[in-house]
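Student: Prediction below, plus the sequence it came from.
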Amino acid sequence: MNEVSTPIAPVPRISIQAFCDQSDTHQLMSNAMADRRMSKSHMKIHMGGAAAAVEAYRDAPTPNLIIIEASGQKELLIEQLDQLAELCDSGTKVIVIGRVNDILLYRELIARGVSEYIVHPFTSASFVRSVSDLYAAPGSRLVGRVIAVTGTKGGVGASTVAHNLAWTLSRTLDQPTVIVDMDLPFGTAGLDFNQDPPQGIADAVFANDRMDANYVERLLSRCSEKLSIMAAPATLDRLYDLGEDAFEQVIDLLRGTAPFVVLDVPHGWSGWKRRTLISADDVIVVAAPDLASLRNAKNIFDALKPARANDSRPRIVMNGVGMLKRPEISVADFARAIETEPVGVISHDAKLFGTAANNGQMIGEIDAANKIAETFSDLARLLSGRPEVRRAKKNFLHPIMAKLGRKAAS
């Protein structure tokens, strides 16, 4: 199982100008500029290195962040940085990109006020992380992993998967977790956890200038020691015509409240949903084994791929597999068509899921040894980067042998 990297916090609304010296660095900067976590920033890329930067700011204000690629001699770079320092406005930060891993050069650059020295080779994602870390608020090192769960169509069980996944993260893996029910008119998180909070996600969405970390904390309803929900109002007393960035601020604030934030994203397609899926660290698409789900899953993958170039592909969970007398597309054929193996296959079990829904319980609460509960546990471990648990195979002779052993001992 691959290790899950630490999430990268979104870069704030800053202006960035990069001065590259080599074409490969220019391409890396272009890829970084297209990264979803850079969507709020404004970045321009130039060629010419440090010399071009000095000339650019002789008669112009400097941006929040200047990135300089240094390919020349150390002495020339130091001289150009000294010239740039005289032109920089207060608060401007500088990142230097080089090709020499020299600790003495690094110390000299830091001593001159350079914020970071990045050595080739590096990836666009690692560059974005460097910029993000540079603007992280002091003391706010927690960056929760945002997991968006959505369905290929209504009724495939995406909310059930989201809620059981969050419960498993909090209970089995002992990780503080928050569920956000984004289906404002019809959300079921409150029902599934036997909660009826007076406030929730709608209050956050319409809070406008009142929104801050403390306000978001007050909107959370505690289900257990490690699990909280931000419930949907589930009423039709108003129309929820939401803008593209309606949930952006609340999700950014929730990242600082828990290691895992699970978004229960309703079926449908809108500007805010597309933006939510693009900005999530992981996307889980829940599908039924039928043609409509296959078509819609492929469409979702194709829509998200261009905007998530530095992220893993969405993951597929097949739900309701093996329903009696229902013609189905096999899991193997489904995976082959979308070129993605499912990370979980959940069998149809109307009695188990119906009991859980009626009792306001999760599958693991009803039957922790059930294979479906084990599927949620495996999915939680995959998303958290925890090692896979090797389960011992059941030996049908074990009870007999144990009984014979007790008789021999007596």
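Tutor: Done, it's in.

Student: Give me the neighbour count for the closest residue to residue 130 other than its chain neighbours.
Tutor: Leaving aside its chain neighbours, residue 130 sits nearest to residue 116 (5.5 Å; criterion: C-beta to C-beta, 6 or more residues apart in numbering). (Glycine included, C-beta is placed from N, CA and C.) Number of residues near residue 116 (other C-beta atoms under 10 Å) recorded here: 19.

Student: Beta-bridge partners for residue 116, please?
Tutor: Per DSSP bridges, residues listed as beta-bridge partners of residue 116: residue 95.

Student: Could you check how far it is from residue 127?
Tutor: 10 Å (C-beta to C-beta, to the nearest Å).

Student: And residue 114, by the same measure?
Tutor: Distance of residue 114 to residue 127, computed by C-beta to C-beta: 15 Å.

Student: try residue 82
Tutor: Counting by C-beta to C-beta - residue 82 and residue 127 are separated by 25 Å.

Student: before we move on, what about residue 157?
Tutor: To residue 127, residue 157 is 39 Å away according to C-beta to C-beta.

Student: The residue nearest to residue 130 is in contact with residue 106, isn't it?
Tutor: No: using C-beta atoms under 8 Å, residue 116 is not in contact with residue 106, being 9.5 Å away.

Student: need the contact list for residue 294.
Tutor: Counting by C-beta atoms under 8 Å, 6 or more residues apart in numbering, residue 294 touches 152, 287, 329, 334, 337-338.

Student: Can I get the buried part of these as one PyMOL selection?
Tutor: Here is the PyMOL command that selects only those of these that count as buried (16 or more other C-beta atoms under 10 Å):
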select buried, resi 152+287+329+334+338
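
Student: Name the nearest of the contacts of residue 294 relative to residue 266.
Tutor: Distance to residue 266 across the contacts of residue 294 (C-beta to C-beta) is lowest for residue 152, with 12.3 Å.

Student: check contacts around residue 9.
Tutor: So residue 9 contacts 37, 132, 136, 143, 252, 255 (C-beta under 8 Å, 6+ apart).

Student: Filter these down to the buried ones.
Tutor: Buried members of the contacts of residue 9, counted by 16+ other C-beta under 10 Å: 37, 132, 143, 252, 255.

Student: What separation do you get for residue 155 and residue 134?
Tutor: Taking C-beta to C-beta, one finds residue 155 at 45 Å from residue 134.

Student: Looking at these two, which is more packed in?
Tutor: A count of neighbours by other C-beta under 10 Å puts residue 134 above the other of residue 155 and residue 134, at 15 against 10.

Student: What confidence value was assigned to that one?
Tutor: Residue 134 carries a pLDDT value of 88.

Student: Neighbours of residue 59, how many?
Tutor: Residues near residue 59, counting by other C-beta under 10 Å, number 7.

Student: Pretty sure it sits in a helix.
Tutor: No: Residue 59 is assigned coil when assessed by DSSP: H, G, I helix; E, B strand; the rest coil, not a helix.

Student: Kindly provide the distance from it to residue 87.
Tutor: 9 Å.

Student: Same check on residue 102?
Tutor: Counting by C-beta to C-beta, the gap from residue 102 to residue 87 is 26 Å.

Student: Tell me which of those two has more neighbours.
Tutor: Set residue 102 next to residue 87 and count neighbours by other C-beta under 10 Å: residue 87 wins out with 18 against 14.

Student: and the residue nearest to that one when sequence neighbours are not counted, how far is that from residue 66?
Tutor: Spatially, and ignoring its direct neighbours in sequence, residue 87 is nearest to residue 57 (4.4 Å; C-beta to C-beta, 6+ apart). For residue 57, the distance to residue 66 (C-beta to C-beta) stands at 8 Å.

Student: Report the residue spans of the stretch 151-300 of the chain with pLDDT below the cut-off.
Tutor: Across the stretch 151-300 of the chain, the ranges flagged by pLDDT under 70 are 208.

Student: again, 80 this time
Tutor: Within the stretch 151-300 of the chain, the segments meeting pLDDT under 80 span 208-210.

Student: Of residue 114 and residue 127, which one has the most company?
Tutor: Taking neighbours as other C-beta under 10 Å, residue 114 and residue 127 compare with residue 127 leading, 24 against 19.

Student: can you give me the helices for the stretch 151-300 of the chain?
Tutor: When secondary structure is read from DSSP state H, counting those that start in this stretch, the stretch 151-300 of the chain shows helices at 158-171, 189-192, 201-205, 213-219, 248-254, 271-279, 291-304.

Student: Quickly list the domain ranges of this protein.
Tutor: The record's domain split for the chain, according to automatic domain parsing, is 15-134, 145-384.

Student: okay if I get those as TSV plus distance to residue 9?
Tutor: Formatted as TSV, the domains of the chain follow (distance: least, C-beta to C-beta, whole Å):
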stretch	distance to residue 9
domain 15-134	5
domain 145-384	7
